[in-house]
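S.K.: Sequence and predicted structure, then a few things I'm wondering about:
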Amino acid sequence: MMRSEKNVKKPLIAGLLATTLASCGGAPAPTYPYNPNMNTVEQNSTLVPYYGDWVIVASLNDGTRRYGVASFSSKYKSTTYVNASGGVMAWCYSQSCSTDSEQGAGIMGTLKTSSGSALASGMVPFSDSSVPRGSSPTRFFMTDLDGKVEVVNKQAVIAGKGLWTNETGTDQAAGFAFVQVETSPSIRPQATPSAAYLTAQTAAQQALTEARLSAQSSLSPDVVRAAITDATR
């Protein structure tokens, strides 16, 4: 379902991590933003969940960070994912970089498994990625068992804990935060990184350190990875 996103969106991503995101089309529908909390029942809505552009910060256990963007534009549903959307993602080692380090397909939505449910997101790199990741199909995944979309500085924030796969193929615990910066999934660079990155950094660090998130281990990493990989095929 989402592989078509590669051809449509990938050329637009290069260099955008050095900038904020902005819409480059007509005005979005007045019913957006639409950012539902975790819900295991598919909602009867024509709206695309999490529709728009988001900045991402991953706060890794070793004290480093990764910065990225996600653009969700297509509704998605499967036996494991409901109230979900797919699109493209890109990330970089530094907040101020001229080109992204890797691009891939991404998903955000409610993940249902036999061991529990979570608001979950993840990225599967495109096949032409030159960044090693061992045998892992995903670059990263995040689960938020609380399942609530917060609002900080009038922007939607989704935060949780997960794993980032390093170039050596080893996994590193990380806190993640997604902050919505536009309600239209069309990417266009602007001048400087927005305060959304600061919001994301704070939320990601909290996700990594809060004790309540340390208990969020009921979902098997293999199960989460498999669901995300299947969704991005």
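M.R.: It's in. Bear in mind that the values here come from a model prediction, so they are computed numbers and not experimental data.
S.K.: What separation do you get for the closest residue to Gln103 other than its chain neighbours and Gly122?
M.R.: Counting by Cβ to Cβ, 6 or more residues apart in numbering, Gln103 lies nearest to Ala90, which is 4.6 Å off, once chain neighbours are set aside. The C-beta positions use only the backbone N, C-alpha and C, and glycine is treated the same way. Distance from Ala90 to Gly122, counting by Cβ to Cβ, to the nearest Å: 14 Å.
S.K.: Repeat that for Thr202.
M.R.: Distance from Thr202 to Gly122, by Cβ to Cβ: 22 Å.
S.K.: Give me the more crowded residue out of the two.
M.R.: Gly122 (28 against 17; other Cβ atoms under 10 Å).
S.K.: Which pLDDT does the model give the more buried one?
M.R.: For Gly122, the model assigns a pLDDT of 94.
S.K.: elements contacting the helix or strand encompassing it?
M.R.: Assessed by DSSP states H and E, Gly122 sits inside strand 116-125. Packing contacts for strand 116-125, counted by 3 or more Cβ pairs under 8 Å, 6 or more residues apart in numbering; DSSP states H and E, involve strand 102-113, strand 140-144, strand 155-165, helix 221-231.
S.K.: list the helices and strands the longest one packs on?
M.R.: Where contact means 3+ Cβ pairs under 8 Å, 6+ apart, strand 102-113 is packed against helix 3-13, strand 65-76, strand 81-92, strand 116-125, helix 221-231.
S.K.: Pull out the CA atoms of it and give them to me as CSV.
M.R.: The C-alpha trace of strand 102-113 is given here as CSV (Å, rounded to 0.1, in the frame of the first residue of the first chain):
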residue,chain,number,x,y,z
GLU,A,102,18.1,7.9,5.3
GLN,A,103,14.5,7.8,3.9
GLY,A,104,11.8,5.2,4.3
ALA,A,105,8.2,4.3,4.6
GLY,A,106,6.5,5.0,7.9
ILE,A,107,3.2,4.4,9.8
MET,A,108,1.3,5.8,12.7
GLY,A,109,-1.8,4.3,14.3
THR,A,110,-3.2,1.8,16.9
LEU,A,111,-1.4,-1.5,16.9
LYS,A,112,-3.3,-4.5,18.1
THR,A,113,-1.5,-7.6,19.3
